[in-house]
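S.K.: Sequence first, predicted model second:
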Amino acid sequence: MTTIAVDCMGGDHGPRVTLPACQKFLDHHPEAHLLLVGLPQALSGFSHPRARVVAATEVVGMDDPLEVALRKKKDSSMRVAIQQVKDGTAHAAVSAGNTGALMAIARYLLKTLDGIDRPAIAAQIPNALGKATTVLDLGANVDCTAEHLLQFAVMGAALVTVLTDDVNPSVGLLNIGEEVIKGNETIKKAGELLRSAANAGDLNFCGNVEGNDIFKGVVDIVVCDGFVGNVALKTSEGLASMFGEFLKTEFSKNIFTKFAAIVAYPVLSAFKNRFDHRRYNGAALLGLRGLVFKSHGSADAIAFEVALSRAYDAARNNLLDRVQARIVQATALVLEKPLADAP
């Protein structure tokens, strides 16, 4: 059995979404076991032979400051869920709660892997090839050094290998142009480190990419700092939502547009499914000594079930071991100081 600890109270909807998603997930994964973490009275209506309630007395709110989440709410459902991973009771934890709080608590409890200075948030963005581009960081680190960007590339490569079985996924560095001379000093130095890693056979680095290349699917992995990555993620979500609203408005105007909608429905439906962000929900917090996945706060039951599945697949396919192996492989380039001097 692969055991996943679920923060059932997190997100905009809490148990109204997480519990139906857990039920569907268990139906589709007969070798999975869930630890449902939350207020016992909120979870009392759920029953399944492969699920157990783990009590928590507090909930981290979506607008709670980090200090409150980390220092004052020590029995929150979010913290208790991550504690299950630290104690070895669960193989991974999933939460739709406050992103900053989740990262802070996870880093505090689990610590980072040797050779990793900062964890990163990695998620998939649907692309025009019908697949997805993995982008990191998506908001955990606003200010990054070149070494951090190299570390993100190493971790992202391990994640994509687990998700797709591609042992040599391609990596691009997000920049304002493809030319090597473009970008600020941090980006230029990161490019040098990534090229060195490629020359050593540690990464399949393809050079600089631009923002639109994320959606073209030019490379499997795009590396950037958390500020830029979060803007790219929110922009893609906004465009998908805007397109959906546009279709609703335009195809309800008159009899002619309604007829056009009927004729075009198969194509539009396929397009909608391809770019449905619910299918790609579940961002990995990479670089920790344990698996933690972040669901979108506004996720519905379909999306939250996808996040559970991602955590399950990562645990079943030994994502932690693969990340660690990639880091060891690229030790000389990944570490900002020699390994012997590391604490």
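M.R.: Everything's here; your move. Numbers count the residues shown, from 1 in each chain.
S.K.: so what's the most centrally placed residue in the chain closest to, chain neighbours aside?
M.R.: The residue lying closest to the centre of the chain (Cα atoms, centre = their mean) is A283, at 1.2 Å. Distance criterion Cβ to Cβ, 6 or more residues apart in numbering; nearest residue to A283, sequence neighbours excluded, is A123 at 3.7 Å. Where you see a C-beta, it was placed from the backbone N, CA and C, and this is true even at glycine.
S.K.: How many residues are close by that neighbour?
M.R.: 26 (other Cβ atoms under 10 Å).
S.K.: Now for it: which residues touch it?
M.R.: 134-136, 138, 233, 280, 282-284 (Cβ atoms under 8 Å, 6 or more residues apart in numbering).
S.K.: wait, is it part of a helix?
M.R.: No: the assignment for A123 (DSSP: H, G, I helix; E, B strand; the rest coil) gives strand, which keeps it out of a helix.
S.K.: Walk me through the domains of the protein.
M.R.: 1-116+287-317, 117-282 (automatic domain parsing).
S.K.: how distant is stretch 297-313 from the center of its chain?
M.R.: A distance of 11 Å separates the centroid of the chain from that of stretch 297-313, by Cα atoms, centre = their mean, to the nearest Å.
S.K.: can you check stretch 174-194 too?
M.R.: 24 Å.
S.K.: same deal with stretch 142-159?
M.R.: 14 Å.
S.K.: do the same with stretch 31-47
M.R.: That offset, for stretch 31-47, works out to 23 Å (Cα atoms, centre = their mean).
S.K.: How about stretch 47-67?
M.R.: The mean C-alpha position of stretch 47-67 is separated from the chain mean by 20 Å, Cα atoms, centre = their mean.
S.K.: The stretch 201-343 of the chain: strands as residue ranges?
M.R.: 204-209, 221-223, 283-286, 291-294 (DSSP state E, counting those that start in this stretch).
S.K.: okay, and for the protein, where does confidence drop off?
M.R.: 237-277, 330-343 (pLDDT under 70).
S.K.: same thing but at 50, please
M.R.: Applying pLDDT under 50 to the chain flags residues 335-343.
S.K.: where do the helices sit along it?
M.R.: 15-28, 40-43, 66-67, 77-86, 99-110, 146-164, 185-199, 211-216, 226-250, 255-274, 301-316, 319-329, 331-334 (DSSP state H).
S.K.: would CSV of the ones you listed with distance to T57 and mean neighbour count be doable?
M.R.: Listed next are the helices of the chain as CSV, based on distance: least, Cβ to Cβ, whole Å; neighbours: other Cβ atoms under 10 Å:
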stretch, distance to T57, mean neighbour count
helix 15-28, 15, 20
helix 40-43, 9, 16
helix 66-67, 19, 12
helix 77-86, 9, 25
helix 99-110, 16, 22
helix 146-164, 34, 25
helix 185-199, 44, 18
helix 211-216, 42, 17
helix 226-250, 32, 15
helix 255-274, 41, 11
helix 301-316, 23, 23
helix 319-329, 30, 19
helix 331-334, 40, 17
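S.K.: need these in CSV with distance to V171, can you?
M.R.: Shown next, in CSV, are these (distance: least, Cβ to Cβ, whole Å):
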stretch, distance to V171
helix 15-28, 31
helix 40-43, 41
helix 66-67, 31
helix 77-86, 28
helix 99-110, 23
helix 146-164, 5
helix 185-199, 7
helix 211-216, 12
helix 226-250, 14
helix 255-274, 23
helix 301-316, 19
helix 319-329, 12
helix 331-334, 13
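S.K.: Number of residues surrounding G11?
M.R.: Around G11 there are 23 residues (other Cβ under 10 Å).
S.K.: Against G282, how distant is the closest residue to it other than its chain neighbours?
M.R.: In this structure, G11 finds its nearest non-sequential neighbour in A96, 3.0 Å apart by Cβ to Cβ, 6+ apart. As judged by Cβ to Cβ, to the nearest Å, A96 and G282 stand 10 Å apart.
S.K.: shared neighbours of the two, anything?
M.R.: 294-295, 307.
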